[in-house]
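>>> got a predicted structure here, sequence first:
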Amino acid sequence: MKPLGPTDLKRLHRSWRRRTEGRIAVLLDGVQNPFNLGAIARTSAVQRIERGWIVGEDVTMQHPKARKLSMGTDRLVPWEHVPTTAAGIAAARAAGFAVVGVELTGEAKPIFEVDLRRPTCLVVGHEERGLSATALASCDDVVYLPQVGKVGSLNVATTLGIALYEVRRQEWAAEPTDAPPH
């Protein structure tokens, strides 16, 4: 077995793009670290996120550290700064998205138990404090990523990446059996 060459890799990615119609957005509720912002931009571009909202103006995609990690992919997703979490949630709903928080709470459900095959805006929070009270009170659903190791939480960019893949996985798993081969 050997790695795919450039042409075969393009074909593979094109076949997955054809199978992918679901709408996903992200709302960053207080993410402060520019490295996290850059990693989120890159993963969002990889998963063809329709749009992203960033609460506040403390850190932007133009920050040198964010730009370095995103490797220019920040331009592939429209990012909008919103003044408050409530404004971001209102914008997501106005764009037709269900708002799903990703947070470890007593009422949250494991991510794979929630149907995410609808237009979904995933909301992640501050690196240390998590989602704001406004976000938690406003979400249609709150989900978490089960963790079985001795560490109790993940980096916010990693968490969002895993959650984005679960949204796509649910879409792909629901395809009819006559779907094109991978």
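Looks like it arrived, so ask away.
>>> contacts, neighbours, all on C-alpha from now
Noted.
>>> so where do the helices sit in the protein?
6-18, 34-46, 64-70, 85-94, 133-138, 156-173 (DSSP state H).
>>> could you tell me the least trusted of those helices?
The weakest mean pLDDT among the helices of the chain belongs to helix 64-70, with a mean of 77.
>>> what comes up buried for that one?
K65, A66, R67, K68, L69, S70 (16 or more other CA atoms under 10 Å).
>>> can you tell me the closest non-neighbouring residue to the second one?
The one in question is A66. Excluding its sequence neighbours, the residue lying closest to A66 (CA to CA, 6 or more residues apart in numbering) is G38, at 4.0 Å.
>>> OK, contacts around that neighbour?
G38 makes contact with M61, K65, A66, R67, K68, L69, S70, M71, D74, according to CA atoms under 8 Å, 6 or more residues apart in numbering.
>>> again, only using 7 Å
By CA atoms under 7 Å, 6 or more residues apart in numbering, G38 lies in contact with M61, A66, R67, L69, S70.
>>> that older thread, highest average neighbour count across the helices of the chain?
Counting by mean count of other CA atoms under 10 Å, helix 34-46 has the highest mean neighbour count of these, with a mean of 23.
>>> what about that one, distance to the chain center?
Centre-to-centre, helix 34-46 and its host chain are 9 Å apart (CA atoms, centre = their mean, to the nearest Å).
>>> repeat that for stretch 100-107.
Between the centre of stretch 100-107 and the centre of its host chain there is 15 Å, according to CA atoms, centre = their mean.
>>> next: stretch 50-57.
11 Å.
>>> before we move on, back to that, make TSV out of the contacts of G38 and add distance to I89.
Formatted as TSV, the contacts of G38 follow (distance: CA to CA, whole Å):
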residue	distance to I89
M61	20
A66	23
R67	25
L69	26
S70	24
